[in-house]
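Participant: Turn this into a model:
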Amino acid sequence: MSQKHITVSIGNFLIAIILGLLLVLLWQLRSLIVVLMISVVIAATLAPIIKAAHKLGIPRWLSVLLVYLSLIATLTGIGLIIGPTVVEQIQRLIRKLPVYLETLRSLLDEMALRMAMGEPEKPSFVNQFFDIQGVTRWVIRSSQELAIRSFDVTKGFIGGVLGSLLALLLSGYMLSGSDKLLRDIVNLFPYPWNERLLAQVQPVSQRMGGYIQGRILVSAILAVAISIGLKFLGLSELALGLGVIAGITNLIPFFGPVLGAIPALIVAIAQGGLTFFGVLLLFVIIQNIETYLLDPLLVGTSVKVAPLYQLLAVLGGAQLLGIIGALIVPPWVAGGAVLLENLYVKPKLLAETKVKCDN
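Facilitator: Numbering: from 1, shown residues only. Prediction:
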């Protein structure tokens, strides 16, 4: 009996060592794992287009090639058309940002003095409770740390550009040979789990792809609407750049719309009160349209994940991987929700219902 106990203990010890070494190996390969995660998201997003082209009789490898070439050509064309203007306007915004912040500080100081009932000997309300310079330094420092964390996950032997190209190549390979690749992976699991997991590939891919497709479409619509709205409100010099910033940040759930509104509001408050309230009203209207119309139509029907879990996915992804994590972790959570629902929740409810019926 004692000999058996010693054998089991040694076996558990060896398993613990193997798991520890595996975790160390995964940590060392975290850059590659992030690239693989991005590749899966890209593949899930483009899979419906590949499938539609394949149904027309085009070979799968050729469908993948044509879709990727079309995507690259479209992005290149958009970049050539609006890219120079966007870059120029963002550079102008960065140059003028200290002036805008100083104007904001002066306005707040003036407002505080009026509220102080003519007691200028007291410390400035702004300096006492709201240090603009300190807040500005904190925002810049936090943005730098977030950017550094975002790029750190793709440093080492895989750089940013190389990582992006590798993600595209891997996603293309996944799409061109997905059936055999997925079957080889799920066959590593024992029966009947291999068949169960293989049956979940399609719904998981649809959920992940639908999420990204919806967010991209919503963000593109908002970028156009915000650019047009800001132009009519008198911010034509920076309208396109601010609209693109708002559209890109909107890809991040919950926090993205707020982050995208801040630059436009800072610029607007320097232009005067009417412009500020007009821009604020524009973002409030667009945010409500997104929340109550666009998201339910284009994103909500595909995600089917509680808002709390989406929020935790954004926060956890940003904490681990920076901006990249905030973008790619939510679709993985949406895909994981499919597995949890189909492999655990539904069978559990079905078994409970059967037990109740038998009783």
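Participant: Every contact and neighbour count from this point should use C-alpha atoms.
Facilitator: Noted.
Participant: Run through the stretch 1-150 of the chain and note the low-pLDDT ranges.
Facilitator: For the stretch 1-150 of the chain, the stretches flagged by pLDDT under 70 are 1-9, 11, 28-30, 108-109, 111-150.
Participant: Sketch out the helices for it, chain order is fine.
Facilitator: Using DSSP state H, counting those that start in this stretch, the helices of the stretch 1-150 of the chain run over 2-28, 30-55, 60-115, 125-129, 132-152.
Participant: Give the buried residues for stretch 325-343.
Facilitator: 325-335, 337-339, 342 (16 or more other CA atoms under 10 Å).
Participant: Kindly report the same for stretch 253-263.
Facilitator: For stretch 253-263, by 16+ other CA under 10 Å, it's 253, 256, 257, 259, 260, 261, 263.
Participant: residues in contact with the last one?
Facilitator: Taking CA atoms under 8 Å, 6 or more residues apart in numbering as the criterion, residue 263 is in contact with residue 242.
Participant: per-residue confidence averaged over the helix or strand that it is a member of?
Facilitator: Per DSSP states H and E, residue 263 falls inside helix 256-271. Averaged across helix 256-271, the pLDDT comes to 85.
Participant: Buried residues of whichever helix or strand comes after that helix, list them for me.
Facilitator: Counting by DSSP H and E, the next helix or strand C-terminal to helix 256-271 is helix 273-289. Residues of helix 273-289 classed as buried by neighbour count (16+ other CA under 10 Å): 275, 276, 278, 279, 280, 282, 283, 286, 287.
Participant: so can I have TSV of those residues showing distance to residue 75 and pLDDT?
Facilitator: Below are the buried residues of helix 273-289 laid out as TSV (distance: CA to CA, whole Å; pLDDT from 0 to 100):
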residue	distance to residue 75	pLDDT
275	33	85
276	33	86
278	32	90
279	29	89
280	31	90
282	28	92
283	27	92
286	25	90
287	26	87
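Participant: Can you lay out the residues you listed as CSV showing distance to residue 310?
Facilitator: Below are the buried residues of helix 273-289 laid out as CSV (distance: CA to CA, whole Å):
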residue, distance to residue 310
275, 34
276, 31
278, 31
279, 28
280, 26
282, 26
283, 22
286, 21
287, 18
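Participant: Considering those, which is situated nearest to residue 110?
Facilitator: residue 276 (16.7 Å; CA to CA).
Participant: got a list of what that closest one touches?
Facilitator: 265, 268, 269, 270.
Participant: Could you measure from residue 49 over to residue 66?
Facilitator: Going from residue 49 to residue 66 by CA to CA, to the nearest Å gives 10 Å.
Participant: Geometric centre of the chain: which residue is closest?
Facilitator: Residue closest to the mean C-alpha point of the chain, counted by CA atoms, centre = their mean, is residue 327 at 1.7 Å.
Participant: and that one, what does it touch?
Facilitator: So residue 327 contacts 251, 252, 314, 317 (CA under 8 Å, 6+ apart).
Participant: wait, what's in contact with the second one?
Facilitator: The reference is to residue 252. Counting by CA under 8 Å, 6+ apart, residue 252 makes contact with 314, 326, 327.
Participant: tell me which element the closest residue in space to the first one that isn't next to it in sequence falls in.
Facilitator: If I follow you right, that is residue 314. Nearest non-adjacent residue to residue 314, counting by CA to CA, 6 or more residues apart in numbering: residue 326, 4.6 Å away. Taking DSSP H and E as the criterion, the element that holds residue 326 is helix 323-340.
Participant: Check residue 246 too.
Facilitator: Residue 246 belongs to helix 239-249, assigned by DSSP H and E.
Participant: From the rest of the structure, what touches that helix?
Facilitator: By CA under 8 Å, 6+ apart, helix 239-249 touches 85-87, 89-90, 219-220, 222-228, 230-231, 256-257, 259-261, 263-264.
Participant: Could you list the alpha-carbon positions for it in CSV?
Facilitator: Written as CSV, here are the backbone C-alpha positions of helix 239-249 (Å, rounded to 0.1, in the frame of the first residue of the first chain):
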residue,chain,number,x,y,z
ALA,A,239,-12.6,66.7,-39.0
LEU,A,240,-11.2,63.7,-40.9
GLY,A,241,-8.4,63.0,-38.5
LEU,A,242,-10.7,63.2,-35.5
GLY,A,243,-13.2,61.0,-37.2
VAL,A,244,-10.6,58.3,-38.0
ILE,A,245,-9.4,58.4,-34.4
ALA,A,246,-12.9,58.0,-33.1
GLY,A,247,-13.5,55.1,-35.6
ILE,A,248,-10.4,53.3,-34.6
THR,A,249,-10.9,53.6,-30.9
